[in-house]
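Student: fold the following.
(one chain, ligands or ions: 2)
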Amino acid sequence: MEQIKSPYLDEKLLAVKQNDFLKYRSRDQPTWCPGCGYFGIADAFYKACRNLELKQENIAAISGIGCSGRTPIFINSYGFHTLHGRSIPVASGLKLAREDLTVFAFAGDGDALGIGGGHLPHVARKNIDITFLLFDNSIYGLTKGQSSSTTPYQMKTSSHPGGNPDKPLNPIRLALSYDASFVARGYAGDPDGLTKIIEAGVKHRGFSFIQILTPCVTFDKENTTWAKLKEKVYPVDLHEKENNRETAMAAAEHAHFGTGIFFRDKERLHYHDVLRRLNPGKAHHV
Ligand SMILES: Cc1ncc(C[n+]2csc(CCOP(=O)(O)OP(=O)(O)O)c2C)c(N)n1
Ligand code: SF4
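Tutor: Residues are numbered from 1 along each chain as shown. Ligands and ions are numbered 1, 2, ... in the order given. Reported below is the predicted structural model:
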């Protein structure tokens, strides 16, 4: 069949390619289950990169293991699919060596708060300038539905068929108590709202902690479902003037489904700046 030549269409196609967020998508087809919330997270991520006009060669996307761990494969940038629970230390090390890069760390709730839970306090107290996305579906997705650190109390899972006996962690309160300088919660079903939160996280000079509520449509048919999340999620509007850790802590205690920025400390120095102050004139990446 003869191909129709159209300079108009070529020009439009070029404009779409140059301006649209699809350039941040890799050619690999996502392997996530149809309907998984992670598609919404990836969508928000691509749009945030586009709005921030990040250059692909300056983005580093670091993940641990899990369905969430596959995310860098679907991003057209540099990336590292590292060990279970280790996205934060790898991302921190990279940022220390290459301050010029925009470094993201991704992790599931099992990855971030279970096996990798020991890394969170240290990146927060050091205030290393990376953006951390916690894909929180309250379950281990990749390994078929075991209880995680955020699984609701008494929920029946493949590891606890009689009901989860453990109290879930509250990720926002955890990040606040570890002294994170930017703490927010987004929702996979609201990619536009999540895009704005990711953008704010990247712009923040220091460690940005973003919990994202998202369903595992395959291994949780009852608790954290699209229908329930849609019903429960609402925006929290913490006024900038009341932007202190205590207010955020109190808000986070009961607002388990509130989305928005809970806390942001714009004054605090991030790790590189602290090193520069302590050692003026010296190389600052060690
Ligand atoms: C050291 C180690 N322990 C256990 C596992 C098995 N494992 C792989 S992914 C995973 C949990 C995944 O759950 P989560 O982090 O919540 O991510 P999701 O799959 O839901 O995105 C586990 C236990 C592993 N790969 N490595
Ligand atoms: S198992 Fe769950 S978290 Fe993993 S891709 Fe499927 S729906 Fe998503």
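Student: so T247 touches L238, yeah?
Tutor: Yes. Contact status for T247 versus L238: in contact at 6.5 Å, counting by Cβ atoms under 8 Å. Yep, even glycine has a C-beta here, placed from its N, CA and C like the rest.
Student: distance-wise, check F182 relative to ligand 1.
Tutor: F182 is 22 Å from ligand 1, where distance means Cβ to the nearest ligand atom, to the nearest Å.
Student: returning to what we had before: between T247 and L238, which has more neighbouring residues?
Tutor: Each of T247 and L238 has its neighbours counted (other Cβ atoms under 10 Å); L238 has more, 19 against 15.
Student: what does this protein have sitting close to ligand 2?
Tutor: Neighbours of ligand 2 within the chain, by Cβ under 6 Å from any ligand atom: 32-33, 36, 38, 67, 137, 141-142, 216-219.
Student: return the residues of the stretch 151-286 of the chain in contact with ligand 1.
Tutor: Applying Cβ under 6 Å from any ligand atom, we find that the stretch 151-286 of the chain lies next to ligand 1 at C216.
Student: pull the number of nearby residues for the residue of the stretch 151-286 of the chain found nearest ligand 2.
Tutor: Proximity to ligand 2, evaluated over the stretch 151-286 of the chain using Cβ to the nearest ligand atom, is greatest for C216 at 3.3 Å. The local packing of C216 (other Cβ under 10 Å) involves 29 other residues.
Student: among the residues of the chain next to ligand 2, which are in strands?
Tutor: Among these, DSSP state E puts none in strands.
Student: whichever of the residues you listed end up buried, select them in ChimeraX.
Tutor: The buried residues among the residues of the chain next to ligand 2 can be selected in ChimeraX (16 or more other Cβ atoms under 10 Å) with this line:
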select :32,36,38,67,137,141,142,216,217,218,219
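Student: could you dump the residues of the chain next to ligand 2 into TSV and include pLDDT?
Tutor: Listed next are those as TSV, based on pLDDT from 0 to 100:
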residue	pLDDT
W32	98
C33	98
C36	98
Y38	98
C67	98
N137	98
G141	98
L142	98
C216	98
V217	98
T218	98
F219	98
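Student: next step: the residues of the chain next to ligand 2 restricted to helices.
Tutor: Y38 (DSSP state H).
Student: distance to E11 for the residues of the chain next to ligand 2 - can I get that in JSON lines?
Tutor: Output for those, formatted as JSON lines (distance: Cβ to Cβ, whole Å):
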{"residue": "W32", "distance to E11": "34"}
{"residue": "C33", "distance to E11": "38"}
{"residue": "C36", "distance to E11": "36"}
{"residue": "Y38", "distance to E11": "34"}
{"residue": "C67", "distance to E11": "39"}
{"residue": "N137", "distance to E11": "42"}
{"residue": "G141", "distance to E11": "43"}
{"residue": "L142", "distance to E11": "43"}
{"residue": "C216", "distance to E11": "43"}
{"residue": "V217", "distance to E11": "40"}
{"residue": "T218", "distance to E11": "43"}
{"residue": "F219", "distance to E11": "46"}
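Student: from the residues of the chain next to ligand 2, which is closest to T259?
Tutor: N137 (15.4 Å; Cβ to Cβ).
Student: mind listing the helices for the stretch 1-150 of the chain?
Tutor: Secondary structure of the stretch 1-150 of the chain (DSSP state H, counting those that start in this stretch): helices located at 7-19, 38-51, 87-97, 109, 120-126.
Student: neighbours around the closest residue to G69 other than its chain neighbours, how many?
Tutor: Take G69 and drop its neighbours on the chain: the residue closest to it by Cβ to Cβ, 6 or more residues apart in numbering is S63, 4.4 Å away. When counting by other Cβ under 10 Å, one arrives at 28 neighbours for S63.
Student: distance of S63 from ligand 1?
Tutor: 9 Å.
Student: do the same with E99
Tutor: Applying Cβ to the nearest ligand atom, the value for E99 to ligand 1 is 28 Å.
Student: still on that earlier bit, which residues touch the residue nearest to G69?
Tutor: Counting by Cβ atoms under 8 Å, 6 or more residues apart in numbering, S63 touches 69-72, 79-82, 87, 105-107.
Student: in terms of pLDDT, where does it sit?
Tutor: As predicted, S63 sits at a pLDDT of 98.
Student: mind starting the numbering at 815 from now?
Tutor: With the count now opening at 815, the last piece we talked about shows up as S877.
Student: hey, what's it bridged with?
Tutor: As for beta bridges, S877 partners with H895, F920 under DSSP bridges.
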